[in-house]
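> the following block contains a protein sequence and its predicted model.
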Amino acid sequence: MADYNYDSFSAGHYELDNFQGPAAGRKAQDFPMQTTDGGQRQLLDFNGDFLVLEIGSITCPLYQSRRGKMKTLTEKYPDTSFTIMYVREAHPGKTRPKHHDAEGKLSNARALQFEDGEGRTILIDDLNGHAHVAYGSFPNAVFIINRNHCVVYYSDWNNPNATGRALANLKAGKPASGMGIFLPAIPSVGMATFKNAGEGSGMDFLRSFPNLVWQNLIKRNLRVLFRRPNPISPDMNC
């Protein structure tokens, strides 16, 4: 995994046609994670009826654009656990470059919590991204995991409206609906995220922009529209 923490973003760092994270009905893998206070905790050590696990980093405009609606979900479902897996920087720049060591990764996760005001639990993957790779390596995937550690809903790109519908169904004892349509980042949030990441972050994104539009807004969304997921019981064992 020598190239896991890349210097600059390129769509080529992601297999956008081939998401390898755990699909619904599969066992969720557990990993030791670092907490923002420097301690250790297992990823799947949660107290709620479900765990809503979102992938993110401070330099990811998609993750930053979802935070407001995800906050609404945490307030609506206080008996559900919500956790961020902090991974590599999606769009590293001069101010927030790629992670060279665990302390740098911890520093960025703390900035997300204390400067950006992320109120959900943040658990930090190791420097080489072993947990992130096991969960598909995408910068803003989302998973809903039950108490049996089974994935009962997933989407390679988080759409908070779809995630909210899935969670509502699961809590009502029904199977979750399929993956949500990919939505681009809010432009103002994207610009602010690139600015905070520093020089190079936005330009690297612009170079890949046409490919990202084709892969996500068109190809991926068409796959979702015609996909018919198998129903997964909220309390399934796997």
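Done, it's in. Numbers count the residues shown, from 1 in each chain.
> going forward, measure contacts and count neighbours with C-alpha atoms only.
Will do.
> tell me the buried residues in stretch 4-16?
Buried residues in stretch 4-16, counted by 16 or more other Cα atoms under 10 Å: 4-11, 16.
> considering the residues you listed, which is situated nearest to H132?
Y4 (10.0 Å; Cα to Cα).
> show the pLDDT at the closest one.
The model reports Y4 with a pLDDT of 96.
> mind listing what it touches?
With contacts defined as Cα atoms under 8 Å, 6 or more residues apart in numbering, Y4 is in contact with 88, 128-129.
> hey, what's the spatially most central residue of the chain bridged with?
Here the mean C-alpha position of the chain is nearest to the C-alpha of I55 (Cα atoms, centre = their mean), at a distance of 2.0 Å. For I55, the beta-bridge assignment (DSSP bridges) gives partners M85.
> what pLDDT does it get?
I55 is assigned a predicted lDDT (pLDDT) of 98.
> surely it touches V87?
Yes. I55 sits in contact with V87 when judged by Cα atoms under 8 Å, with a separation of 7.0 Å.
> tabulate the buried residues of stretch 4-16 (JSON lines), appending secondary structure and distance to P139.
Formatted as JSON lines, the buried residues of stretch 4-16 follow (DSSP: H, G, I helix; E, B strand; the rest coil; distance: Cα to Cα, whole Å):
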{"residue": "Y4", "secondary structure": "coil", "distance to P139": "12"}
{"residue": "N5", "secondary structure": "coil", "distance to P139": "12"}
{"residue": "Y6", "secondary structure": "coil", "distance to P139": "13"}
{"residue": "D7", "secondary structure": "coil", "distance to P139": "15"}
{"residue": "S8", "secondary structure": "coil", "distance to P139": "14"}
{"residue": "F9", "secondary structure": "coil", "distance to P139": "11"}
{"residue": "S10", "secondary structure": "coil", "distance to P139": "12"}
{"residue": "A11", "secondary structure": "helix", "distance to P139": "11"}
{"residue": "L16", "secondary structure": "coil", "distance to P139": "11"}
